[in-house]
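Trainee: Please find the sequence and the predicted model below.
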Amino acid sequence: MLRYARDAPKGLLEAIVEAATFHDLGKLDYHTQAVLPKGRRHKLRWDHVDAGVAHLSARRDWMAAWIVRAHHPPGLPEKQEHFNPDNKGRRLRGRRRDDADAQRHAEQIARTDASLEAYLDAHDAAVGRSTIAPHRPTHGLTMRLALSCLVDADHTDTAFFDTGRLRPAEVQPRWAERLAALCRYVRALPTGDTDEERQRNIRRARFFDACLNASIADPMITCEGPVGLGKTTAVAAYLVRRAGEEGLRRLIIVAPYTNVLKQTAKRLRKALVLSGERPDRVVMEHHHRADFAAVEDRDLAVLWRAPIILTTAVSFFESLAACDPASLRKLHSLPGSAIFIDEAHAALPARLWPQNWLWTRELAEKWSCPVVFASGSLSRFWENKDIVKSPLKLPELLPKAQADDVLAAERRRIRYARAGDGGVLSVQGLIELVAKSTSTEAPGPRLLILNTVQNAALVARAMREAGLNVMHLSTALTPRDRDRILDKVERRLDTRQRDWSLVATSCVEAGVDLSFRCAFRERFSVASLIQTGGRVNRHGEYDRTGGGIVFDFAICGDGITQHPAADVSADVLRALMTRDELNRRSPADLVTAAIREELARSGGLNVDALAMAENARDYPKVKSLGRVIDADTRLVVVSPRLQGRLKDRQPVTFRALLRGSVQLWGNKIEKLELERLPGRREIYAWNDVYEPDFLGCMAGILRTQRFLAEGGGII
């Protein structure tokens, strides 16, 4: 990690080494030594963390002391809690949980102070004496990266001890070979059968070459290419080339939705995996936040060790804000990584960008992480003084001459309209509008995108009950089942079947290579509507029959839920639709202006609570405020076979675990009375109806809701 640091804090390596050397010093307590051989189920009386902190802080190695204090949950503490005389100024000492009784903290400190010399004698006899130099703590992102190094080493050792499985050797980057393979893959793509297809593919080839040969070497750059221009492969070519030139160790692709990751992984495995390599070890997908803290679950954690990592924006940015060891374990993999933030307009809400911009900029400028922000509807938030303290311009990968050409083609490809008279529809009203559209201006295939998982399931079920040909896709299905359904959708689109609809959530809104004849989008934001347009007439195949159309609508009724984040953005979108702005201005200009208007209507970002917490070194508050999705979600295993293997403690890879599971809110789990899998503290088992080909776990949830709504009860 440190070889990629530019102007790293003096003594950082030494502090990490000292933290690793003394992090378990307290386990030499004679009471602890007597209990450890009995196994993990036997509770320890004394907290072993305090001894390492006591020794290192006495030698004034405060950086190492902070790392040791945080290497077990809850992780990095609030500085004010420990260094404020009014709060008894424990200075990292005591038991690891700050909410423990004050008397317990005092007892722990007394025990450590009385026994520390004996601990050190035993430690020195086993590993030799260490000379410790003073080190001031470097807070913020550097502290998290340093802690990540210790946590990963510690958790890896624990997982090996518990399972006996060694960590596999890391796959080598081999960037020059991968770049050559990527170029061969792109050059071999079909040129098209019609004039429209050939013209579009010529634009793609020019853009790929422009990115491949771009001389831009700035730490942060943008790519505003519209849909269908081949941004994924073109930006990947640019970053793979830079990775080879700058000696980087991996490429990390960040996307807002898991379906984007799935299609990107499929494409990049064809293009970048070399002969004799395992595709899943070269291009690794990280679909969920699988950061298990419990000792018994650490072998299932997702780590960023492959040359190409595909992860969600939630996982990426929440890792930057994390304070707990499990979430931070993979963070030290970031330095020396090229970072591609795909569909950047949807990566974060505006309120989270000020501090995340500072972290991203620090990665780019101080930890050798060139960053590309890409989207067909890119919001240039870095030019907005309400979001970025010192606004700036970033260089653009898409050449100006080509940008003008593709924007003109975009006008022919898609148009936007209000559904009906622009009012609020009922579920039945929406179905009637969809059914009517089959023979008028918007024939199928059709895409309907709803704002919530429940809305999508309700509409899909109602459409099927009305006799319409409908498919459903959302995170109510496991990744394995979503993949199967997505494959069916792709086959239907390839055969140009017309009279059918796909009902989905925003998981198919951005970055997914699907092309429908028309779409209906529940009102949310300007960026969401434009991105939905990217799933319509994507390749210009309907240009000769009038192009594609996207309808904006609002919906209400029994069971329909309103997305809490949609209030202001939906009002801004409605105003722009009334003036027909979406059919006149460039996508990036529209989205940038919309965000400015949304901030103005909501009072702006006058108080950045996240930045204030970071500056105060209040790590738990940073973690809380930095959550991208403020929801308590848990991993729920759907597959009965997988449930059985986990119950029997049989080996299960993290990939198999994630592909057979869904994420549900904690309150939903309580209402559904789901139970934890035996021996697993953070993993639950699904025990209700599950439809793998349609509604997934929403089949059981909606059945229960309908039963109760019709007067049913539980006896």
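Mentor: Yep, it's here.

Trainee: Could I get the contacting residues of the closest residue to residue 638 other than its chain neighbours?
Mentor: Excluding the flanking residues, the one nearest residue 638 by CB to CB, 6 or more residues apart in numbering is residue 686, at 4.6 Å. To be clear about C-beta, it is placed using only N, CA and C from the backbone, and glycine gets the same treatment. Each residue near residue 686 by CB atoms under 8 Å, 6 or more residues apart in numbering is listed here: 636, 637, 638, 662, 674, 697, 700.

Trainee: Show me which residues of stretch 70-78 are buried.
Mentor: 70, 71, 72, 74, 75, 76, 77, 78 (16 or more other CB atoms under 10 Å).

Trainee: Dump these into JSON lines; add secondary structure as well.
Mentor: Shown next, in JSON lines, are the buried residues of stretch 70-78 (DSSP: H, G, I helix; E, B strand; the rest coil):
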{"residue": "70", "secondary structure": "helix"}
{"residue": "71", "secondary structure": "coil"}
{"residue": "72", "secondary structure": "coil"}
{"residue": "74", "secondary structure": "coil"}
{"residue": "75", "secondary structure": "coil"}
{"residue": "76", "secondary structure": "coil"}
{"residue": "77", "secondary structure": "coil"}
{"residue": "78", "secondary structure": "strand"}
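
Trainee: Below-threshold pLDDT in the stretch 301-450 of the chain: ranges please.
Mentor: 301-302, 437-442 (pLDDT under 70).

Trainee: how far away is residue 642 from residue 660?
Mentor: The spacing between residue 642 and residue 660, counted by CB to CB, to the nearest Å, is 4 Å.

Trainee: and what of residue 305?
Mentor: Residue 305 is 22 Å from residue 660, by CB to CB.

Trainee: Neighbour count: the two, which is higher?
Mentor: residue 660 (22 against 18; other CB atoms under 10 Å).

Trainee: Okay, and the beta partners of the most centrally placed residue in the chain?
Mentor: Nearest residue to the geometric centre of the chain (CA atoms, centre = their mean): residue 312, 2.4 Å. Taking DSSP bridges, one obtains residue 255 as the residues bridged to residue 312.

Trainee: gap between it and residue 376?
Mentor: 19 Å.

Trainee: Could you verify my assumption that residue 81 touches residue 99?
Mentor: No. If you go by CB atoms under 8 Å, residue 81 and residue 99 don't touch, sitting 10.0 Å apart.

Trainee: Show me which of the two is the more surrounded one.
Mentor: More crowded of residue 81 and residue 99, by other CB under 10 Å: residue 81, with 17 against 7.

Trainee: how about that one, secondary structure?
Mentor: Going by three-state DSSP: residue 81 is helix.

Trainee: Identify the residues contacting it.
Mentor: Contacts of residue 81 (CB under 8 Å, 6+ apart): 87, 90, 98.

Trainee: so what pLDDT did it get?
Mentor: Looking at residue 81, its pLDDT is 91.

Trainee: Same check on residue 163?
Mentor: 63.

Trainee: Number the chain from 645, please
Mentor: Sure, I'll start counting at 645 from here, so that last one is residue 807.

Trainee: before we move on, the earlier item: pretty sure the residue nearest to the centre of the chain sits against residue 900.
Mentor: Yes. Judged on CB under 8 Å, residue 956 makes contact with residue 900 at a distance of 6.9 Å.

Trainee: which stretches of the stretch 795-944 of the chain form helices?
Mentor: 819-831, 839-856, 875-890, 902-916, 923-926 (DSSP state H, counting those that start in this stretch).

Trainee: Let me know the distance separating the residue nearest to the centre of the chain from residue 738.
Mentor: 36 Å.

Trainee: likewise residue 1077?
Mentor: 63 Å.

Trainee: ditto for residue 760
Mentor: Taken as CB to CB, the span from residue 760 to residue 738 is 14 Å.

Trainee: Please say which of those two ends up with more neighbours.
Mentor: Between residue 760 and residue 738, counted using other CB under 10 Å, the more crowded position is residue 738 (24 against 18).

Trainee: In terms of helices and strands, where is that one?
Mentor: Using DSSP states H and E, residue 738 falls within no helix or strand.

Trainee: got a list of what it touches?
Mentor: 691, 694, 744, 748, 749, 750, 752, 753.

Trainee: ok, and the closest non-adjacent residue to the first one?
Mentor: The one in question is residue 691. residue 739 is the one closest to residue 691 (CB to CB, 6+ apart), at 4.6 Å.

Trainee: Okay, now the sheet partners of whichever strand in the chain runs longest, with direction.
Mentor: As assigned by DSSP state E, the longest strand anywhere in the chain is strand 1192-1199. In the sheet containing strand 1192-1199, its partner strands are strand 1058-1062 (parallel), strand 1068-1069 (parallel), strand 1162-1166 (parallel), by DSSP bridges.

Trainee: which of these is buried the deepest?
Mentor: strand 1162-1166 (a mean of 28; mean count of other CB atoms under 10 Å).

Trainee: contact partners of it?
Mentor: Against strand 1162-1166 from outside (CB under 8 Å, 6+ apart): 1063, 1074, 1077-1078, 1081, 1086-1088, 1090-1095, 1099, 1172-1173, 1176-1177, 1179-1180, 1192-1199.

Trainee: Would you list the buried entries among those residues?
Mentor: The neighbour-count criterion (16+ other CB under 10 Å) marks 1063, 1074, 1077-1078, 1081, 1086, 1088, 1090-1095, 1099, 1172-1173, 1176-1177, 1179-1180, 1192-1199 among these as buried.

Trainee: buried sites along stretch 1013-1031?
Mentor: In stretch 1013-1031, counting by 16+ other CB under 10 Å, buried: 1013-1026, 1028, 1030-1031.

Trainee: low pLDDT regions in the stretch 695-844 of the chain?
Mentor: 802-811.

Trainee: now, which of the buried residues of stretch 1013-1031 lie within helices?
Mentor: Using DSSP state H to define helices, no part of those is located there.

Trainee: Okay, domains of this structure per the record?
Mentor: 646-782, 836-1042, 1056-1228, 1277-1353 (automatic domain parsing).

Trainee: would you turn those domains into JSON lines with distance to residue 1261?
Mentor: Output for the domains of the chain, formatted as JSON lines (distance: least, CB to CB, whole Å):
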{"stretch": "domain 646-782", "distance to residue 1261": "4"}
{"stretch": "domain 836-1042", "distance to residue 1261": "10"}
{"stretch": "domain 1056-1228", "distance to residue 1261": "29"}
{"stretch": "domain 1277-1353", "distance to residue 1261": "28"}
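
Trainee: wait, which of those domains is closest to residue 1234?
Mentor: domain 1056-1228 (5.5 Å; CB to CB).

Trainee: for that closest one, how far is the first residue from the last?
Mentor: For domain 1056-1228, the separation between the terminal residues is 12 Å (CA to CA, to the nearest Å).

Trainee: pLDDT (mean, whole number) over the longest strand of the chain?
Mentor: Averaged across strand 1192-1199, the pLDDT comes to 92.

Trainee: what's next to it, contact-wise?
Mentor: Applying CB under 8 Å, 6+ apart, the contact partners of strand 1192-1199 are 1057-1064, 1066-1071, 1074, 1077, 1085-1086, 1094, 1099, 1103, 1160-1167, 1173, 1176-1177, 1180-1181, 1186, 1214, 1217-1218, 1221.
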